[in-house]
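> I need the structure of the sequence given here:
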Amino acid sequence: MENISRSDFIVGFGLSFLVVSIINAILVIEKEANEGLKNWMAGLLGHHWVTHGVFIILLFFVLGLVFSRIRFNEQWYGARTAAVILIGAIIGGGIIVLSPLF
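Below you'll find the predicted structure:
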């Protein structure tokens, strides 16, 4: 088994945040547009937001661990990882804020 360094985890979970931020925003919009999905999620764990939160947190950890195992050709420094996290927050928030326009 290969060793995974602390920086591998930082990069992996930074990328996970980017992906999960976008999925989270899409799920928020889809739940509001699809009452059936919202009711199904509410039936799973008692409230649709609880199911939503558990799904997003589990996805974050699973993707973080998967992405931590990826070896990139170039060195990722803190600034690049911070930029990926910032981009994820902007895209995720932007999708939610701009969704009423579509």
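
> what pLDDT is listed against residue 1?
For residue 1, the pLDDT comes out at 46.

> residue 47 now?
Per-residue confidence (pLDDT) for residue 47: 96.

> ok, the one 10 residues further on next?
Reading off the confidence values, residue 57 has pLDDT 98.

> sec struct for it, please.
Under DSSP: H, G, I helix; E, B strand; the rest coil, residue 57 falls in the helix class.

> ranges for the helices of the chain?
Using DSSP state H, the helices of the chain run over 6-33, 35-45, 48-68, 78-98.

> list the contacts of residue 17.
60, 84, 85, 88, 89 (Cβ atoms under 8 Å, 6 or more residues apart in numbering). Where C-beta positions appear, they are placed from N, C-alpha and C, glycine not excepted.

> ok, those residues vs residue 97, which is closest?
residue 89 (11.8 Å; Cβ to Cβ).

> that closest one contacts residue 21, correct?
Yes - counting by Cβ atoms under 8 Å, residue 89 does reach residue 21; the two are 6.0 Å apart.
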